[in-house]
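S.K.: Any chance you could fold what I've pasted below:
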Amino acid sequence: MTRTPTELQSSAIGSEEQAWPEDAIEVGCILDAWGVKGWIKVQAYSSDAQALFSSRRWFLRAVEANDANKPKGPVVVRSKPLPRLLKILAIREHGEGIVASVQGVADRTAAEALRGARIFISRAAFPSTNPDEFYWVDLIGLSVSNRQGEVLGEVIGLIDAGPHSVLRIMPPGTTAPIKPDQERLVPFVASFVDDVDLEQRSITVDWGLDF
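M.R.: As a prediction, the model looks like this:
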């Protein structure tokens, strides 16, 4: 019996469907189909897309029009729900983007049905880092203090400044969302960052309260 593209897409889940990971991190979205053989074009949210390459299991969610923090993917009206899990057969860089082949997605029609999906990967599947390297997601929420023991605030995000990243810190006593002039910005470089302790969820910096 010949299966339709939709049935082929559903078989990408199969009997190995997994529960949503408690440590799921959003790492990108599916932009569109690529070619005619079921490949998909993917946008990574980080300039370093190793998390996408490290896992062969991508969890999907649709972009909703009423999402409080709407991600970068397009909002797509669907006749059927997205599969929860994609099994990645192959992935490679293509130009400035990424393309991937998915189990059970054999033609362009099936690939187009995935357009706009948000991609999540278990944090446990991320590649290990060197002692002086950190994933942005691990830094958000950490408390930042200086050498004098003064609390600068909590990391609420980072800015990619090219050669290095910059910590966005929400000072004590303020609540989100905060205005740009309320943030403290500290370059995430060795000359200013003394220590990052993920277990204690703290960062020590050489930075004054009046900077």
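
S.K.: rest of the way, CA atoms for contacts and neighbours
M.R.: Fine.

S.K.: do you know how far Gln18 is from Arg84?
M.R.: In this structure, Gln18 lies at 8 Å from Arg84, with Cα to Cα, to the nearest Å as the measure.

S.K.: Same drill for these two, tell me which one is more crowded.
M.R.: For Gln18 and Arg84, the more surrounded residue by other Cα atoms under 10 Å is Arg84, and the numbers stand at 18 against 12.

S.K.: hang on, the more buried one packs against Pro21?
M.R.: No: counting by Cα atoms under 8 Å, Arg84 stays clear of Pro21, with 11.1 Å between them.

S.K.: where exactly do the helices run in this structure?
M.R.: 5-10, 50-54, 108-112, 136-139 (DSSP state H).

S.K.: Distance to Leu158 added to the ones you listed, as CSV?
M.R.: Formatted as CSV, the entries for the helices of the chain read as follows, by distance: least, Cα to Cα, whole Å:
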stretch, distance to Leu158
helix 5-10, 36
helix 50-54, 18
helix 108-112, 33
helix 136-139, 7
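
S.K.: Give me whichever of these is most buried.
M.R.: Ranked by mean neighbour count, the helices of the chain are led by helix 108-112 with a mean of 21 (mean count of other Cα atoms under 10 Å).

S.K.: counting contacts, what elements does that helix pack onto?
M.R.: Applying 3 or more Cα pairs under 8 Å, 6 or more residues apart in numbering; DSSP states H and E, one finds that helix 108-112 contacts helix 5-10, strand 24-34, strand 39-44.

S.K.: Quick check: which of the ones you listed is buried the most?
M.R.: strand 39-44 (a mean of 24).

S.K.: Could you check the angle that one makes with strand 24-34?
M.R.: Here strand 39-44 runs at an angle of 140 degrees relative to strand 24-34 (axes from the mean of the first three to the mean of the last three Cα atoms, to 10 degrees).

S.K.: Quick check: the most centrally placed residue in the chain vs Thr129, distance?
M.R.: When Cα atoms, centre = their mean is applied to the chain, the residue found nearest the centroid is Val27 (2.2 Å). When distance is defined by Cα to Cα, Val27 is 17 Å away from Thr129.

S.K.: try Asp107
M.R.: Applying Cα to Cα, one obtains 36 Å for the distance of Asp107 from Thr129.

S.K.: what does Arg115 give?
M.R.: In terms of Cα to Cα, Arg115 sits 31 Å off from Thr129.

S.K.: Same drill for the two, tell me which one is more crowded.
M.R.: When Arg115 is set against Thr129 and neighbours are counted by other Cα under 10 Å, the residue ahead is Arg115, at 23 against 9.
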